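[1] just coords:
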Ligand SMILES: NC(=O)c1ccc[n+]([C@@H]2O[C@H](COP(=O)([O-])OP(=O)(O)OC[C@H]3O[C@@H](n4cnc5c(N)ncnc54)[C@H](OP(=O)(O)O)[C@@H]3O)[C@@H](O)[C@H]2O)c1
C-alpha cells in the first residue's frame, strides 16, 4: 500500500505518550505534517525534536487538555487526519471523546485512527461506543486494538516502578498469558492506517509474536538484567485496592483489576498477524525488547 496525503495535517493526541510520540516522529520522518497535542506542548521527545530540526515547518505542538474544552477547536484547526489517544485513567472516556469527534467532523477531519484496546470490543459500553462512532461517522477510519504494551515494564507505569523498586510485578492475572506488544509496532500500524492511500476501515487486533505470563516476563527480565525479579499474583479485590491506593479513580481501578481477572481466564492468550500483514515486518519479541532495555532494570 502506498502512502498519500503528505500535506494533510495530522493531529496526534497523547502526543507525548507511548504511541503518540512514536506516531508523530514517524510521520515527520516520512515527510508528513504532524501536530502533537498534550498538556505539555514544550515536552518534545528526542525523536520529534530531531525531526523538527530537519523539517521545521512540518512539526507543530499545541497545548491540549481533555478537561479544558477551550483547547479543543484550536488543536483541530486545519486538521484532516486524527490519531486519537483517549484520555487515560478515566472511567468514561466516551464522555470526552464523543463531543471531540463532533468537533473533528465540524473541523473537516475525514480520517480517524483511534487507539483502543484488545480488551475492549465494539459491543462494549464506554470505549466500544467510541469505536462505533468512528466507524459510523467518518468515511475513513481504523481502530487499533493493541494488547498490553511492553513499555509498561520500562516507562511510567506501576509495573516499571515495581521492578525498579522491590523487584516485583503485582497483578491479578494468575498464570494467564498476554501477547505483549512493543509500542513501536503499534505506532507503525497507526502510521500506515493514517497515511496509506486506501483507508483501512477496519479494527486491527495488534499483538506481539508470543503470549507470555507475567512470570515468564519476570524470568526474562531477571535473565537480561542479571537480577532476580518476580511476579506476585494477588486477588482481583487486592489488585483493585492497590491501584486505588495510587490515587487512581476507584471505578478505573476496578476496570483494570477486572481486565487482569479476564487475563487469568485466558482472554488475552492469543496472537494476531496484524503487524506483519499491515507493515511487512515481524513484531518485536519480548526477548528482543528486554535485551534492548536491560539497563533500565539493573541496580
Ligand atoms: N498501556 C497498555 O498496556 C495499554 C494497552 C492497550 C491500550 N492502551 C491504551 O493506550 C492509551 C494510552 O495509554 P498509555 O498508558 O500508553 O499512556 P500514554 O499514551 O503513554 O500517556 C498518555 C498521553 O495522554 C496525554 N494526556 C494525559 N492526560 C491528558 C489530558 N488530561 N489532556 C490531554 N492529554 C493528556 C499525556 O500527555 P501529557 O501528560 O503531556 O498531557 C500522554 O501524551 C490508553 O487509552 C490505554 O487504554 C494501553
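    Perfect, thanks for sending it. Worth saying up front: this structure is predicted, and the values here are computed from it rather than measured.
[2] neighbours around the residue of the stretch 151-299 of the chain found nearest the ligand, how many?
    Proximity of the stretch 151-299 of the chain to the ligand (C-beta to the nearest ligand atom) peaks at residue 152, 5.0 Å away. The C-beta positions use only the backbone N, C-alpha and C, and glycine is treated the same way. Residue 152 has 18 neighbours, counted by other C-beta atoms under 10 Å.
[3] wait, it touches residue 159, no?
    Yes. Between residue 152 and residue 159 there is a contact at 4.8 Å, judged by C-beta atoms under 8 Å.
[4] hmm, back to that, let me see the contact set for the residue of the stretch 151-299 of the chain closest to the ligand.
    159, 160, 180 (C-beta atoms under 8 Å, 6 or more residues apart in numbering).
[5] ok, residue 242 to residue 234 distance?
    Residue 242 sits 7 Å away from residue 234, going by C-beta to C-beta, to the nearest Å.
[6] what is in contact with these two at once?
    Contact with both residue 242 and residue 234 is made by residues residue 170, according to C-beta under 8 Å, 6+ apart.
[7] re the thing from before, for residue 11, see how far away the residue of the stretch 151-299 of the chain closest to the ligand is.
    The gap separating residue 152 from residue 11 is 25 Å, by C-beta to C-beta.
[8] which residues sit against stretch 124-142?
    Contacts for stretch 124-142 (C-beta under 8 Å, 6+ apart): 84, 86, 91-94, 97-98, 101, 105, 109-114, 116-117, 120-122, 143, 190, 193, 199-204.
[9] that stretch close to the ligand?
    No. Contact of stretch 124-142 with the ligand (C-beta under 6 Å from any ligand atom) is absent, the minimum separation being 7.6 Å.
[10] what's the neighbour count on residue 156?
    Using other C-beta under 10 Å, residue 156 has 10 other residues around it.
[11] swap in residue 285?
    Number of residues near residue 285 (other C-beta under 10 Å) recorded here: 17.
[12] tell me the secondary structure for the nearest residue to residue 182 once chain neighbours are set aside?
    Distance criterion C-beta to C-beta, 6 or more residues apart in numbering; nearest residue to residue 182, sequence neighbours excluded, is residue 284 at 4.2 Å. Following DSSP: H, G, I helix; E, B strand; the rest coil, the label given to residue 284 is coil.
[13] up against the ligand, what does this structure have?
    Contact residues (C-beta under 6 Å from any ligand atom) of the chain with the ligand: 14-20, 38-40, 43, 64-67, 85-88, 115, 117, 146, 148-149, 152.
[14] returning to what we had before: most surrounded residue in the contacts of residue 152?
    residue 180 (28 neighbours).
[15] so where do the helices sit in the stretch 51-200 of the chain?
    Under the criterion DSSP state H, counting those that start in this stretch, the stretch 51-200 of the chain contains helices at 72-76, 94-107, 127-137, 158-164, 183-195.
[16] out of those helices, which is the most enclosed?
    Mean neighbours per residue, mean count of other C-beta atoms under 10 Å, is largest over these for helix 183-195, with a mean of 24.
[17] for that helix, give the mean pLDDT please.
    Taken as a whole, helix 183-195 has an average pLDDT of 98.
[18] and for stretch 253-263?
    96.
[19] who's in contact with that stretch?
    So stretch 253-263 is contacted by 91, 119, 171-174, 176-178, 236-237, 239-241, 243-244, 248, 268-269 (C-beta under 8 Å, 6+ apart).
[20] and what of stretch 208-221?
    Contacts for stretch 208-221 (C-beta under 8 Å, 6+ apart): 147, 150, 153, 163, 169, 171, 173, 175-182, 185, 229-231, 233, 268-271, 282-287, 290, 297.
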